[in-house]
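Visitor: any chance you could fold what I've pasted below:
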Amino acid sequence: MKIKMEVDDNFEDDEIIIRCRSLTEDILLLQKKIADTVNTKMQLNVYKGTTLYYLSLDEILFLETQENIVMVHTCNSIYESKQRLYELEELLPRNFMRVAKSTILNTNSIRAIHKNITGASEVELSNTNKIVYVSRNYVKALINVLDEKRLKK
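Guide: Have a look, this model is predicted:
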């Protein structure tokens, strides 16, 4: 595999092109990693009262719907989003995933999962006391995503 970079002040936007003979799993994985890296610079517009804030996606722990309002949780605060949960699910990068009907979780913020055989599992988040409950329908998918991220020998 060759890697080639062109630097030109005349370019209006940065562009990444992947040229390949066939679409292999490695190429798809590379494309997803590039997209996730680019998307980490994205910000989400949220509100607290009448004030508009621009949150980096890294700051967001999880999003949940409460009485038709999407609440955006960070370590120290809770904001509101004007967008619907399903709209945010489509826009957010791969490290955000739905873990319940009313919750999207930033998988990068997970510290521990306390499994519960009979119902929802409890997710402990890094750098905060906040806890997220994962519906039993989503636990297996969450574990699979976390396994993909794990360092492999």
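Visitor: so for E67, what's the pLDDT?
Guide: pLDDT, E67: 90.
Visitor: ah, wrong one, I meant Y47
Guide: 96.
Visitor: and I143, what are its phi and psi?
Guide: phi -60, psi -40 (degrees, to the nearest 10).
Visitor: residues contacting the closest residue to it other than its chain neighbours?
Guide: Spatial nearest neighbour of I143, excluding adjacent residues (C-beta to C-beta, 6 or more residues apart in numbering): I113 at 7.5 Å. Glycine gets a C-beta too; all of them are placed from N, C-alpha and C. Contact partners of I113, counting by C-beta atoms under 8 Å, 6 or more residues apart in numbering, are S121, E122, V123, E124, V134, V139, L142, I143, L146.
Visitor: cutoff 10 Å now
Guide: S121, E122, V123, E124, V132, V134, V139, L142, I143, L146 (C-beta atoms under 10 Å, 6 or more residues apart in numbering).
Visitor: also E80?
Guide: V46, Y47, K48, G49, Q66, I69, V70, M71, V72.
Visitor: if we go to 7 Å?
Guide: V46, Y47, I69, V70, M71 (C-beta atoms under 7 Å, 6 or more residues apart in numbering).
Visitor: need the next SSE after the helix or strand harbouring it, C-terminal direction.
Guide: Using DSSP states H and E, E80 maps to strand 78-81. Toward the C-terminus, strand 78-81 is succeeded by helix 85-91 as the next helix or strand (DSSP H and E).
Visitor: after that next one, heading C-terminal, what element do we hit next?
Guide: strand 96-100.
Visitor: so what strands line up beside that following strand?
Guide: Here strand 96-100 is paired, per DSSP bridges, with strand 103-106 (antiparallel).
Visitor: just the CA trace of the helix or strand just after the partner strand, in CSV.
Guide: Next helix or strand after strand 103-106 toward the C-terminus (DSSP H and E): strand 110-114. These are the backbone C-alpha positions of strand 110-114, laid out as CSV (Å, rounded to 0.1, in the frame of the first residue of the first chain):
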residue,chain,number,x,y,z
ILE,A,110,-17.3,4.1,29.2
ARG,A,111,-15.3,3.0,32.3
ALA,A,112,-17.2,-0.2,33.2
ILE,A,113,-20.3,-2.2,32.4
HIS,A,114,-22.2,-4.0,35.2
